[in-house]
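K.L.:
structure for the following, please:
(one chain, ligands or ions: 2)
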Amino acid sequence: MSLFDALPAEVSVYEVSPRDGLQNEAVTVPTTRKVRLVEALCASGLRRIEVTSFVSPKWVPQLADGDEIARITPRVEGVTFSALCPNARGLERALEGGMEEIAVFISASETHNQKNVNKTVEDTLAGFREVIGPAVAQGLRVRGYVSTLWGCPYEGDVDPRAGLQIAHELLSQGCYQVSLGDTLGIGTPVQTQRILSLFLSEIDAPQLALHMHDTRGTALANIVVGLEQGIRTFDASVGGLGGCPYAPGAAGNVATEDLVFMLHGMGVSTGVDLEKLVQAGQVAAAIVGHELPGKVHRAGVRSLPG
Ligand code: HMG
Ligand code: MG
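P.N.:
Numbers count the residues shown, from 1 in each chain. Ligands and ions are numbered 1, 2, ... in the order given. Model prediction:
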């Protein structure tokens, strides 16, 4: 079967710029400007937005205003706000903030997990018992991330079977979907095909999503492989907001405009108005005060004269 036989009528875009994007900015963006970004994203037709994190403010000071974001950002009918949540304290904050959804996160590689949440993979999964089940019991939906599946900055190659076991555990604890993370933006299409074949041999496609960072320009190529394999949810960050302040030139998640431009051009709908999304990207660039790496963000939707 070719890609053209496999193309769906529509896919879901899960927007992460207010969280994954802003957590990597060197300076902390004022709360009201973050709210402006979320409002612009909602206006573009995006329906799933990760608006902040309820993690330790000592670890991620850029998102220390998560409670305020949850409290003051106007809700829009049909739009689900989510937030990262590492532990029971995070869940408490999510409930106080009236969130409908949270996302737990863990790495497929031991060292990255230790550096990210100061715990072993085993202890992190055990700790999620205080988060996922109780959140579901209180009416929240819980998403899971498995990071570093395509490679770890400390350990190099990662055995995807370790990530698969983690994904099973996240689903069995109550996550409705697990997003597979190329945290380093290092994956290539054949590797993506191998990883997805493994996951899809044991997990249904609607329970999986792709979270591709575009650090080396391969995110869209990997996403096309995902489409072909049946994945229907893709994470993205407007303008490609993100990257690492300590690694000049490093890009963030795949830019939402690039993803939507490609999908619409292939006849796959997203429910997003691309022109309004481009405007949201301009808001993102304005609030962080620098140019963003997204290709459509830079070139515009149409580059031909007339
Ligand atoms: P710790 O220091 O080991 O734990 O941090 P702790 O329990 O001893 O807590 C330390 C302090 O933080 C205490 O305060 C706690 O109360 C407080 P103190 O007593 O010192 O004043 N604290 C909290 N405060 C607010 N909200 C909370 C919370 N929890 C503890 N929820 C911890 C462990 C997990 C908290 C920490 O390591 C942490 O917050 N890590 C977050 C790291 C992070 O956000 N990384 C980026 C997101 S992951 C990512 O980007 C990958 C992804 O995009 C997918 C991909 O790309 O692959 C998702
Ligand atoms: Mg990420």
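K.L.:
what's near enough to touch the closest residue to residue 45 other than its chain neighbours?
P.N.:
Spatial nearest neighbour of residue 45, excluding adjacent residues (CB to CB, 6 or more residues apart in numbering): residue 272 at 4.4 Å. Where C-beta positions appear, they are placed from N, C-alpha and C, glycine not excepted. Taking CB atoms under 8 Å, 6 or more residues apart in numbering, we find residue 272 in contact with 13, 44-46, 256, 260.
K.L.:
repeat that for residue 222.
P.N.:
Under the criterion of CB under 8 Å, 6+ apart, the contact partners of residue 222 comprise 182, 187-189, 192, 210, 212.
K.L.:
mind checking which of these are buried?
P.N.:
182, 187, 192, 210, 212 (16 or more other CB atoms under 10 Å).
K.L.:
show me the shaky parts of the stretch 1-150 of the chain.
P.N.:
Across the stretch 1-150 of the chain, the ranges flagged by pLDDT under 70 are 1.
K.L.:
who in it is up against ligand 1?
P.N.:
Proximity of the stretch 1-150 of the chain to ligand 1 is confined to 20, 23, 53-56, 58-60, 84, 86-87, 89-90, 93, 105, 116-118, 145, 147 under the rule CB under 6 Å from any ligand atom.
K.L.:
which one of the contacts of residue 272 is nearest residue 160?
P.N.:
When these are compared for distance to residue 160, the smallest value, 24.3 Å, is given by residue 13; criterion: CB to CB.
K.L.:
who does the closest one bridge with?
P.N.:
Taking DSSP bridges as the rule, residue 13 bridges to residue 234.
K.L.:
which residues sit in contact with it?
P.N.:
Residues touching residue 13, when contacts are defined by CB under 8 Å, 6+ apart, comprise 46, 48, 233-236, 256, 259-260, 270, 272.
K.L.:
strands - which of these land there?
P.N.:
Mapping those onto strands (DSSP state E) picks out 48, 233-236.
K.L.:
adding neighbour count and distance to residue 266 as columns, could you present the residues you listed in TSV?
P.N.:
Output for these, formatted as TSV (neighbours: other CB atoms under 10 Å; distance: CB to CB, whole Å):
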residue	neighbour count	distance to residue 266
48	18	21
233	20	16
234	27	13
235	28	18
236	32	15
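K.L.:
residue of the stretch 101-250 of the chain closest to ligand 1, please.
P.N.:
Of all residues in the stretch 101-250 of the chain, residue 181 sits closest to ligand 1, with a separation of 2.4 Å (CB to the nearest ligand atom).
K.L.:
quick one: classify that residue as helix, strand or coil.
P.N.:
Here residue 181 is recorded as strand under DSSP: H, G, I helix; E, B strand; the rest coil.
K.L.:
that one contacts residue 149, correct?
P.N.:
Yes. Residue 181 is within contact range of residue 149, at 6.0 Å (criterion: CB atoms under 8 Å).
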